[in-house]
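[1] quick one, structure for this:
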Amino acid sequence: MTRVLGIDPGSRTTGYGVVDDGTGKAAWIASGCIRTETEHFSERLRQIYEGVFLIAQRYQPTEFAIEQVFAHKNIDSALKLGHARGAAICGGVAAALPVFEYSARAVKQALVGKGSADKQQVQHMVRFLLNPPETLALDASDALAVALCHLHHQQTERRMRRLAAGRL
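    The predicted model follows:
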């Protein structure tokens, strides 16, 4: 069984989502947000790292998927996002998880079929595919989308290996 912890990094709010793929159909396990509670940037990074590590400890995922940083118009915002992403990755690595990275465009393409989809379209598809028992914050639905994207890519890789093995 594959259990994926998906992360949508942010320096103030980091979304997380945990999804299982044990039956061949993705199932919602948990989702939410790590909200940092301080103005000190280094303390926010610690909270992100610890939050991701604790979530990994609680839900025992087998894999970790995170959204890549995209170029912002504001370089300071991009750098802060990169630091938050690094703190989240460190939390996953500390929990001994293999890390997989996906661009925002790849996540949207995998879920909606359009790399330029907006957040509401992504959230709608996450709700449709997982039917979570709770209302999802946008950051949490984005994290679930990253996890679903990873499962989709893993399923495609398995199919391609089976095809290649059958032709040899």
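[2] CA only for contacts and neighbour counts going forward, please
    Will do.
[3] which stretches of this structure have low pLDDT?
    Residues of the chain meeting the criterion pLDDT under 70: 71-72, 167-168.
[4] quick one, helices of it?
    41-59, 75-94, 104-112, 119-130, 138-167 (DSSP state H).
[5] what's the angle from the last one to helix 119-130?
    This points to helix 138-167. Helix 138-167 and helix 119-130 are oriented at 60 degrees to each other (axes from the mean of the first three to the mean of the last three CA atoms, to 10 degrees).
[6] how near is the closest residue to residue 57 other than its chain neighbours to residue 5?
    Leaving aside its sequence neighbours, residue 57 sits nearest to residue 95 (CA to CA, 6 or more residues apart in numbering; 7.0 Å). Distance of residue 95 to residue 5, computed by CA to CA, to the nearest Å: 11 Å.
[7] common neighbours of those two, please.
    With contacts defined as CA atoms under 8 Å, 6 or more residues apart in numbering, the residues shared by residue 95 and residue 5 are residue 56.
[8] which of those two has more neighbours?
    Ranked by neighbour count (other CA atoms under 10 Å), residue 95 and residue 5 place residue 5 first, with 32 against 19.
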